[in-house]
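1. after the sequence you'll find the predicted model.
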Amino acid sequence: MRLDFLRGFCAFAMVVDHLGGASLLYPITGGNRFFVSAAEGFIFLSGLLVGLIYGPRIVRDGLATIQLHLLRRALTLYGMTLGLTFTFVGLSRLAGMPWLQDVEPLTPQLAVGLLTLHRTYYLVDVMLLYTLLLAVSPIAMLLLHVRQTRVVVLLSLLVWGLFQVFPREAELPWHVVNNETFQVSAWQLWYFGGMVIGYHRDAIWRRLGRLPLVPATAVLVVLAAGLIGLRLVTLDAARVAQAAASTPAAQGGGEPMGGAFRAAAGPDTVEQAFDKHYARPGRVFAFAVFFPLLYLALTYLWRPLERALGWLLLPFGQNALYVYAMHLFAIFTAALVLPYVSGFDRFNPWLNTPVQVLAVLAIWAMVKREVLFDVIPR
């Protein structure tokens, strides 16, 4: 239930952040500008649940059965990836939506690129990542079953580390056009890290149980507060730098040495250390702080949190793929309709936040009524 709750929060944040504009909800969701986002949570939890659920089933059903089940699941996701890509991108092209990276006609070459997962588009790119990772899961499950966890961990770290230094040369399994964010070589770290933790949950839990709870929690709280403070300072410094760059002195090239120092030690340096596309070490560290902290909060504050938010986040978490699919069409509908609403300004949080809330509630209503549950995987 706690994992469903966390995955539901990721789904909620995804809907709010992808609708974009200004919002009063961004202090909660991060607005896709914080050091961690819903995407890392989704991929990590997906791997965690694969290890947690299918690891024990190997003893009951056998390794081959579990591997075939994972491959069938990967095939289902492949079909969903293609369905959403052709449908969402096709509608976006007809309406001329601004988020499309290119607008070339649907040629046989383009179709083959989509079918072979060599091409993707904005908002459907994460499904391609998820499909590829799940397709490799049977091999990782075999290694875990024969007690070769170190091989899984070392290979994952090696691929991730090589990509940090040589991104072009370490791009696996192949180059995907328009896939700027979810680089497989970098993002596999979240998935296989979660998978290893889920598979060895009992052993890991016993070791963590030896840590004193209050001091460990206090350390996590301090680190989380420090990361939040760093993000606020960085955003403020970025605004100041942007304003300074527009002054005549800056445009005339004044203070070159001071400007170089700020560029080396300012917001750009922080952004690079926590870069989302490459899953930089800073981002991994931030996730390692916030995920256990949220899990601890759900463990010791479960009743009040479940009563306050469980009605929304638990159905979202238990039907995360469905929520993901529906939120694409919510984004499309909003982009299609809102430009014709007189006086609407998406950068006015008092006007844009109700739109985001309405989209969340609409998807929640569809989940409760099980709309198209027989068609869309959950």
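-> Received the coordinates, thanks.
2. state the pLDDT value of the nearest residue to Lys368 once chain neighbours are set aside.
-> Leaving out its chain neighbours, the residue that sits closest to Lys368 by Cβ to Cβ, 6 or more residues apart in numbering is Pro315, at 6.6 Å. C-beta: built from backbone N, CA, C; applies to glycine. You'll see Pro315 listed with a pLDDT of 97.
3. just Leu312 next, same as before
-> Looking at Leu312, the pLDDT reads 97.
4. Ala244 now?
-> At Ala244, the model reports a pLDDT of 65.
5. can you tell me the centre-most residue of this structure?
-> Ala39 (0.5 Å; Cα atoms, centre = their mean).
6. element containing it, please.
-> If you go by DSSP states H and E, Ala39 is part of helix 38-61.
7. contacting residues for the nearest residue to Thr131 once chain neighbours are set aside?
-> Nearest non-adjacent residue to Thr131, counting by Cβ to Cβ, 6+ apart: Leu77, 4.4 Å away. For Leu77, the contact set (Cβ atoms under 8 Å, 6 or more residues apart in numbering) comprises 127, 130-131, 134, 377.
8. distance to Ala297 added to these, as CSV?
-> As requested, those are exported to CSV (distance: Cβ to Cβ, whole Å):
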residue, distance to Ala297
Met127, 30
Tyr130, 27
Thr131, 32
Leu134, 29
Pro377, 30
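9. ok, of those residues, which come out buried?
-> Buried subset of the contacts of Leu77 (neighbour count, 16 or more other Cβ atoms under 10 Å): 127, 130-131, 134.
10. tell me where the stretch 1-150 of the chain has helices.
-> Along the stretch 1-150 of the chain, counting by DSSP state H, counting those that start in this stretch, helices occupy 2-19, 26-29, 38-61, 63-95, 108-115, 125-145, 149-165.
11. which among the ones you listed is found nearest to Met195?
-> Nearest to Met195 among these is helix 38-61 (3.9 Å), distances taken as Cβ to Cβ.
12. model confidence over that closest one, on average?
-> 94.
13. cool, stretch 179-189 as well?
-> 94.
14. contacts for it, please.
-> Contacting residues not belonging to stretch 179-189 are listed as 39, 43, 120, 125-126, 128-129, 132-133, 156-157, 159-160, 162-164, 167, 170-173, 176, 276-279, 284 [Cβ under 8 Å, 6+ apart].
15. if you set the cut-off to 7 Å instead, what comes out?
-> Outside stretch 179-189, the residues that touch it by Cβ atoms under 7 Å, 6 or more residues apart in numbering are 43, 120, 125-126, 129, 132-133, 156, 159-160, 163, 170-173, 276-279.
16. what is the end-to-end distance of it?
-> 17 Å (Cα to Cα, to the nearest Å).
17. what does stretch 119-129 give?
-> 12 Å.
18. buried ones in it?
-> Counting neighbours by 16+ other Cβ under 10 Å, stretch 119-129 gives 119-129 as buried.
19. could you dump the residues you listed to TSV with distance to Trp190 and pLDDT?
-> Formatted as TSV, these follow (distance: Cβ to Cβ, whole Å; pLDDT from 0 to 100):
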residue	distance to Trp190	pLDDT
Arg119	23	92
Thr120	18	91
Tyr121	22	89
Tyr122	20	87
Leu123	19	89
Val124	19	92
Asp125	15	92
Val126	11	94
Met127	15	94
Leu128	15	95
Leu129	10	96
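20. could I get these in JSON lines, plus columns for distance to Gly209?
-> JSON lines is the format used below for those (distance: Cβ to Cβ, whole Å):
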{"residue": "Arg119", "distance to Gly209": "47"}
{"residue": "Thr120", "distance to Gly209": "42"}
{"residue": "Tyr121", "distance to Gly209": "45"}
{"residue": "Tyr122", "distance to Gly209": "43"}
{"residue": "Leu123", "distance to Gly209": "40"}
{"residue": "Val124", "distance to Gly209": "41"}
{"residue": "Asp125", "distance to Gly209": "39"}
{"residue": "Val126", "distance to Gly209": "34"}
{"residue": "Met127", "distance to Gly209": "37"}
{"residue": "Leu128", "distance to Gly209": "38"}
{"residue": "Leu129", "distance to Gly209": "33"}
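21. what is the nearest of the residues you listed to Leu298?
-> Val126 (24.1 Å).
22. secondary structure element holding Tyr191?
-> With DSSP H and E as the criterion, Tyr191 is inside helix 184-199.
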